[in-house]
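Colleague: Structure for this input, please:
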Amino acid sequence: MNLFSDALDFVADMREQVAGETITYQRINATTSLTATKGKTTHEVDDESGVRTQTDSHDWLLRATDLVIDDERVLPEVGDRIYWEDPNGDTHEYEIASFGNPAIHYRPSDPQNITLRIHCQHLGTT
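Modeller: From the prediction side, this is the model:
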């Protein structure tokens, strides 16, 4: 690693320590527990009549190397689910979804791809 990569890794450590939440990431029947940080992105979308609108996604930021399912490092896929339990004990369910023009469901959050920003829609709370 170089000095820039070391600095980005340090920032990811601090983000997790200060604002990290434990989430459960699910793909079909496989799950993994990891630390992520809540975020939000505003996306611009052109509707079928050409009118540009804005929509927000609920985002989760996590280390790319932490996203491991069945002992294999994976990338987020549309339809995967994220579950988060808030301080009141309510469980929030999110589904990974594509937003914007062009439609994307995740993106690197830094030049070294240490952190991923995953775009989701909030499905509900139980």
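Colleague: In space, what's closest to Thr55 - neighbours in sequence excluded?
Modeller: Spatial nearest neighbour of Thr55, excluding adjacent residues (Cβ to Cβ, 6 or more residues apart in numbering): His43 at 5.4 Å. C-beta: built from backbone N, CA, C; applies to glycine.
Colleague: ok, now Asp70?
Modeller: Leaving aside its sequence neighbours, Asp70 sits nearest to Ala30 (Cβ to Cβ, 6+ apart; 5.4 Å).
Colleague: Could you check how far the one you found is from Thr42?
Modeller: Applying Cβ to Cβ, to the nearest Å, the value for Ala30 to Thr42 is 32 Å.
Colleague: Ok, Ile114 next?
Modeller: With the distance defined as Cβ to Cβ, Ile114 ends up 23 Å from Thr42.
Colleague: If you count surrounding residues, which of these two has more?
Modeller: Counting neighbours by other Cβ atoms under 10 Å for Ile114 and for Thr42 shows that Ile114 has the greater number, 17 against 10.
Colleague: do you know how far the more buried one is from Arg63?
Modeller: Distance, Ile114 to Arg63, by Cβ to Cβ: 6 Å.
Colleague: does Glu53 really touch Glu44, like I thought?
Modeller: Check again: residue 53 is Thr, not Glu. Yes - the pair Thr53 / Glu44 is scored as a contact, 7.4 Å apart, by Cβ atoms under 8 Å.
Colleague: how about the host helix or strand of the residue nearest to Thr55 as CSV, C-alpha atoms only?
Modeller: According to DSSP states H and E, His43 maps onto strand 30-46. Extracted in CSV, the C-alpha atoms of strand 30-46 (Å, rounded to 0.1, in the frame of the first residue of the first chain):
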residue,chain,number,x,y,z
ALA,A,30,-27.0,-16.8,2.6
THR,A,31,-26.3,-14.1,5.1
THR,A,32,-23.3,-12.3,6.6
SER,A,33,-23.0,-9.8,9.5
LEU,A,34,-20.8,-6.8,9.0
THR,A,35,-20.3,-3.1,10.0
ALA,A,36,-21.6,-0.4,7.7
THR,A,37,-22.5,3.3,7.8
LYS,A,38,-25.8,4.8,6.8
GLY,A,39,-25.9,7.4,4.1
LYS,A,40,-28.1,9.0,1.4
THR,A,41,-27.6,9.9,-2.3
THR,A,42,-29.9,12.1,-4.4
HIS,A,43,-30.2,10.8,-7.9
GLU,A,44,-31.5,12.6,-11.0
VAL,A,45,-33.8,10.6,-13.2
ASP,A,46,-35.5,11.4,-16.5
